[in-house]
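*Asks:* Sequence plus predicted model, see below.
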Amino acid sequence: MGRQILADLHAEGRLPAWVTGDEVYGCHPGMRAWLETPEVDTVYVLGISESTPIAVTKATKATKARADSALKVLIASDRNPACQRVGPCAPKPGLLYLDHS
């Protein structure tokens, strides 16, 4: 449903500059792939579950890892203490936020 709303906005030329959504939308690879297409090319932040496999690129080598494992490695490798404050948030499932500015 969220993707259809965004597709309708895109067809009308009213797609927001960026989109956010929870893991209901983030776990749908078709949603992310559609947002990344050259025709749409919209910035997005979509939640994912801890166990979702993500692509991690280091130099020129890409591997897959669980999101929670990749986050721990990123936090451990970052010297910025502010990055240590990353934690889960739990909005209501199915929420999709749009920037209307």
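*Replies:* Looks like it came in fine.

*Asks:* what residue ranges in this protein score low on pLDDT?
*Replies:* Filtered on pLDDT under 70, the chain yields the residue ranges 56-60, 77-101.

*Asks:* show me where it has helices.
*Replies:* If DSSP state H is used as the criterion, the helices of the chain fall at 2-11, 23-26, 29-36, 67-77.

*Asks:* Take those helices and lay them out in JSON lines including mean neighbour count.
*Replies:* Using the backbone N, CA and C atoms, a C-beta is placed for each residue, glycine as well. Output for the helices of the chain, formatted as JSON lines (neighbours: other CB atoms under 10 Å):
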{"stretch": "helix 2-11", "mean neighbour count": "14"}
{"stretch": "helix 23-26", "mean neighbour count": "20"}
{"stretch": "helix 29-36", "mean neighbour count": "14"}
{"stretch": "helix 67-77", "mean neighbour count": "13"}
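
*Asks:* Tabulate those in a markdown table, adding columns for distance to residue 46.
*Replies:* A markdown table is the format used below for the helices of the chain (distance: least, CB to CB, whole Å):
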| stretch | distance to residue 46 |
| --- | --- |
| helix 2-11 | 10 |
| helix 23-26 | 3 |
| helix 29-36 | 6 |
| helix 67-77 | 12 |
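
*Asks:* mind checking which of the ones you listed is nearest residue 45?
*Replies:* Closest to residue 45 of these is helix 23-26 (CB to CB; 8.7 Å).

*Asks:* list the helices and strands that closest one packs on?
*Replies:* With contacts defined as 3 or more CB pairs under 8 Å, 6 or more residues apart in numbering; DSSP states H and E, helix 23-26 has these neighbours: helix 2-11, strand 43-46.

*Asks:* among the helices of the chain, which is nearest residue 51?
*Replies:* helix 67-77 (7.2 Å).

*Asks:* follow-up on the earlier one: wait, which of the helices and strands packed on helix 23-26 is closest to residue 28?
*Replies:* Here helix 2-11 is closest among these (CB to CB), at 7.3 Å.

*Asks:* Save the helices and strands packed on helix 23-26 as CSV, and put in distance to residue 75 too.
*Replies:* Rendered in CSV, the data for the helices and strands packed on helix 23-26 read as follows (distance: least, CB to CB, whole Å):
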stretch, distance to residue 75
helix 2-11, 29
strand 43-46, 18
